[in-house]
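> show me how the following folds:
(2 chains)
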Amino acid sequence: MKFSLDFRNMVNRDNNILQLIMMTVLIFIIMTALSPDKFLRYYNFESITYLFPELGLLSIAMMIAMLTGGIDLSVVGIANLSGILSGVMFHYLNRELGMEQGVPMVLLGVCLSLGVGLIAGTINGFLITKLNIIPILATLGTGQVFIGLCLVLTGGPAIVGFPDAWAFLGNGKLFGIAVPFLLFLLVAGGIAFLLTRTTLGVNLMLIGSNPRAAIFAGLKKSRMVLYSYMLSGVLASMAGIILSGRTNAAKSDYGTSYLLQAVLISVLGGTNPAGGKGTVAGVSIAVVALMLLSSGFQILRFSNHLIDFIWGAFLLLVIAINAWKNRAR
Amino acid sequence: MSEAFIELRHIGKQFLGLRALDDVSLTINKGEIHCLAGENGSGKSTLIKIISGVYQPTEGEIIIEGEKVENLSPIESVNRAIQVIYQDFSLFGNLTVAENLALNTELRAKTKIVSWGRVKKLAREALDRLGVDIDLDAEVESLPTSSKQLVAIARALMSDAKLIIMDEPTTALTGKEVETLFRIVRDIQSRGIAILFVSHKMREMLEISERLTVIRNGVKVAEGSTSDFDEAAVIRHMTGLDIEIEPFRKEKPGPDVMPRLDVQGLTLPGDYENINLQLYPGEIVGLSGLLGSGRTELALSLFGMLTPASGSVKVDGKAIALDSVQDAIAEGIAYVPEDRLSEGLFMTQSIKRNIIATSLDNLAKGGIIDIPRVDRVADETIASMQIATPSAEKMVGELSGGNAQRVVLGRWLLTDAKVLILNGPTVGVDVGSKAEIHRKIRELVEHHGLAVLMISDDVLEVAQNCSRVILMHRGRFVDELEGDAISEDVISEQLKSFT
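Purely as a prediction, here's the structure:
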C-alpha cells in the first residue's frame, strides 16, 4: 500500500521516469522490428549486462556531484587510476613478494581502489568546499592530475595480467548473471537508499535546490558537499574495478569517451545540472536505453562512428524535448 | 467631470477554464491618480497586462481617448502613450543610467552610430524633468532601489506617456523615499499625465490617490472617490472579511524573571555598536529602523552567521558562543530570514522536506531517516500551522506567499526554539493571510513561551503585534517604546526623522 503510493507519487511527480521508460520501450520495439532475430537474442542482452555497469556507475557518480549543482569531471581519471594502481600493486606483490594471485590479493586491490576513489574524491571536495574553486574547474584540474599520474605509472601502454578473481568482477557469472550487473544492482540500490532515506541524501537535495537557504536552515553545507564528492570518487573507482576486470587491462586513456557520456546520461536521466533533483532509477534507465540503442545499431551493422553520432543526436533530442516541455509549462 | 483617458468596459479574461477577470470596468481620467487595490491573485496583474497589451481580454472593450481599440498589442499600447513600471523596473543593470535612459530613443533614431554626447544630453534632460540628480555614469545595478525607480520613471516620461502604471512602487522603499516618490508622482500628475497606482498598502493608497478601484477574485467590488474610504473599508473590500486586529500588549516582566535572550554590549564595528537587549518569555519586541541601520546584521549575528567583535549573548542565562548557525540553532535561536524565496525556502522540494530541513538529524537514527516519524511530524506541522495543501509532498514553489511563510515558520516548531527572530515576517503576503500569520506568531509566543524579535518595514505590523518597539539608527538603539506609547504614527515619525 505504502509502496504503491510512493511509486505512484514518484511517477506523477517525476514524469521524467515515465517518459524514460516509454522511450526505452520504444527503442526496444523499433530495434526488435528492424532486426527481430538478432536483437532479441539472449546473447545480446547478456552482453549489455556486461557493458553498461561501468558507464552506469560513472553516470551515477556524475549525478551525485550534480545534485548540489556541481559536476565531477575527474571520474574517468579516478577510475583509471584505481585500476592502474591496483594493477601495479598486483605485479609488485606477485613478482617482488611472491604473493599468490588469489582472492586475498584481489581484496587488497579492491580496498586500494576504493581508497584511491575516496582520497581523490576528498581532494575534489576539499578544493570545492574549502578553497571555493568552482566544481567544473576543480575536477577538470584533478582529472588531469589523475590521468597524468596514470601515465607516469604506466609509461603509456596498458597494464595487463590481472588476477583471475579480479577479472571475475568484470567478466564473471554468478547464478547465470553477469557479475558486473549484480554489482551494479547492489550499488545502485544502496545509492538509491542513501539518496532518499538518509540525512546525507536529503541534505544534498536541499543544498542543491537552494544553497543559501540551506545555510539559513542550519545544514552543514560544506561537509555534505565534501561527502558527495567522496561518494562520487568511490563510485568512480568501482567503475574502474569493473572496467579493468572486464578488459583485464588498465590504461591511462581507457573510457575517456565515458566522461561526457556520463554527463549527458545523468541529465537525460532527469538530473538537474543546477542541483536539487536526480534519481538513481532515472539515470539507470537512461543508461539502459542508450545501451539498447547502440547494440541495436551495432546489429544493424552501422559503423561505430555513426553510433557515436546517433548517441549524441538522441541525447540532444531528449534534452530538447525536456526543454520544450518546460518552456510550454 | 474630466475627460477619460482610457475606459475598460466589462472586461473578462479566461485562462484555460480559469476566470481571472469577470466584468471589470475601469475608467482612468486624464491627469488623475487612480489606485487599483487587490490582494495577490485578485486579478490586478491580469488587468495591468490587459492595459499594457500583454494579454487580450476574452470579453469587453477598451477605449483609449475616445477611440475603440481592437487587439491592443504591447507595441500599440506603448504607441498610445501607456507605460508600465513593473516591480523589477525592467532596467538593464549592467548599463549606466544614461544608457538606460537614452538608448531607446537613440536606437530608434536609426543613425547606426551612437552619439554619446546626445545620449548624455537626453538623459540629463530626462532627470531634470523629474528634478532629481543621479550620476549618469553610474551602473544601474549599483544604485539603491529608490534611484532605480526614479530612472524607470524618467524613462517612462521620455516617451511622452499619458498614462503611467506603477506596479507596487513602494515595496522596497523607506518612508522618506516614499515621500519623494509621492512628490514626483504629484508633479507628473500636474502635467496632465494619469497614474495608475497598483498596491496593497492601505495608507499609501489612501494618501496618494483621488479615486480608488478595488478588485477581489477577478471582480470589481468597490470604486469611488478615495475620500469615501478608510483603511478598514478597503481591507474589508479586498479580503471580503472583517479583520479585527487587537494590538498585542504585554507588560515587561519584573527584574526577577530571567530573560530568554540577554545581549550585552554586542558590537560589530561598521554594522552595530554596543547593543544591549533583553527579550523575555512571551514577549514580541519590534525592531524598527531603516535599511542599513544594522538591524539585519544584528539578527544575522544572533543567528551565528556574522561573528560580532565583542559583547556577550546569553540564552536562558547561559552564555553561548555564536560561531555557526548550527550552534545558534542548538542553543534555541531560530531565524526567519528576510527574503523567503532566496533564503528561506527550497522551492523545488516538497513541503515535507522544507519542514524537516532543520531537524533532519533528530528525525534520523545513524543517518537513516525515520520515515513514519517524518511523515507524522510533517503532517502535524501542516495542521498546526494551517498550511493549505492537499499533501505534504506538494512542492513549496506551488504555495502562495502566506502558506510558504508558514512553512518557514513551521520548521522552527520542530526545534527547541526559545528565541525567534523574524525578519520581515509577512513581506509579500496578502492582507488576509498576514493577519493569520500574526495570530500564529502570537499563539507560538503564548503556548511555547517564546521570545520574539520582529524586524519589519511594515510599521503597522510592528505597531499591532509588538509589546515593545526598539528603534535602531546607524547601528545603535536610539529609542524604545512601550505599551500605549506604541502607534503607527509615532514609529513612522521617528523613522522619518532618521536620514
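> centroid-nearest residue for chain A?
By Cα atoms, centre = their mean, chain A has its centre lying nearest to residue A:58, at 1.7 Å.
> you'd agree that residue is up against residue A:237?
No: if you go by Cβ atoms under 8 Å, residue A:58 and residue A:237 don't touch, sitting 10.6 Å apart. In this view, the C-beta of every residue, glycine as well, is placed from N, C-alpha and C.
> after the helix or strand the residue nearest to the centre of chain A falls within, next one along is what?
Following DSSP states H and E, the helix or strand that holds residue A:58 is helix A:42-67. Using DSSP H and E, the helix or strand that follows helix A:42-67 in sequence is helix A:75-91.
> close to chain B, is the helix or strand following that next one?
As assigned by DSSP H and E, the chain's next helix or strand after helix A:75-91 is helix A:103-129. No: using Cβ under 8 Å from any Cβ of the partner chain, helix A:103-129 stays clear of chain B, with a minimum separation of 14.6 Å.
> buried set for helix A:103-129?
A:105-106, A:109-110, A:112-114, A:116-121, A:123-129 (16 or more other Cβ atoms under 10 Å in any protein chain shown).
> quick one, it and helix A:75-91 angle?
150 degrees (axes from the mean of the first three to the mean of the last three Cα atoms, to 10 degrees).
> pLDDT on helix A:103-129, on average?
For helix A:103-129, the mean per-residue pLDDT is 92.
> going by neighbour count, list what's buried in the helix or strand just after it.
Using DSSP H and E, the next helix or strand after helix A:103-129 towards the C-terminus is helix A:135-154. Neighbour-count burial for helix A:135-154, counted by 16+ other Cβ under 10 Å, picks out A:135, A:138, A:139, A:141, A:142, A:143, A:146, A:147, A:149, A:150, A:153, A:154.
> report how many residues lie close to the residue lying closest to the fifth one once chain neighbours are set aside.
Looking back up the chat, that one is residue A:142. Distances taken as Cβ to Cβ, 6 or more residues apart in numbering or on different chains place residue A:74 nearest to residue A:142, at 4.5 Å, with adjacent residues excluded. By the criterion of other Cβ atoms under 10 Å in any protein chain shown, residue A:74 has 31 neighbours.
> do residue B:409 as well
22.
> you'd agree it is up against residue B:337?
No: the criterion here is Cβ under 8 Å, and residue B:409 misses it with residue B:337 at 11.5 Å.
> picking that back up, pLDDT added to the buried residues of helix A:135-154, as CSV?
Converted to CSV, those look like this (pLDDT from 0 to 100):
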residue, pLDDT
A:135, 94
A:138, 93
A:139, 94
A:141, 94
A:142, 95
A:143, 93
A:146, 93
A:147, 91
A:149, 91
A:150, 90
A:153, 87
A:154, 84
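> reformat those as CSV; add distance to residue A:101.
Below are these laid out as CSV (distance: Cβ to Cβ, whole Å):
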residue, distance to residue A:101
A:135, 39
A:138, 37
A:139, 34
A:141, 36
A:142, 31
A:143, 31
A:146, 26
A:147, 27
A:149, 24
A:150, 22
A:153, 20
A:154, 19
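> out of those, which one sits closest to chain B?
Comparing these against chain B with Cβ to the nearest Cβ places residue A:135 closest, at 19.5 Å.
> quick check: closest non-adjacent residue to that closest one.
Going by Cβ to Cβ, 6+ apart, residue A:135 has residue A:70 as its nearest residue, at 3.4 Å.
> cool, residue A:46 as well?
In space, residue A:46 is closest to residue A:178, 6.7 Å off (Cβ to Cβ, 6+ apart).
> who is the one you found paired with across the strands?
With DSSP bridges as the criterion, residue A:178 is bridged to residue A:173.
> quick one: low-confidence residue ranges for the chain.
Let's take chain A. Along chain A, the model assigns pLDDT under 70 to residues A:1-15, A:326-329.
> I was after chain B.
B:1-2, B:16-17, B:108-111, B:172, B:241-245, B:499.
> alright, I will stop here.
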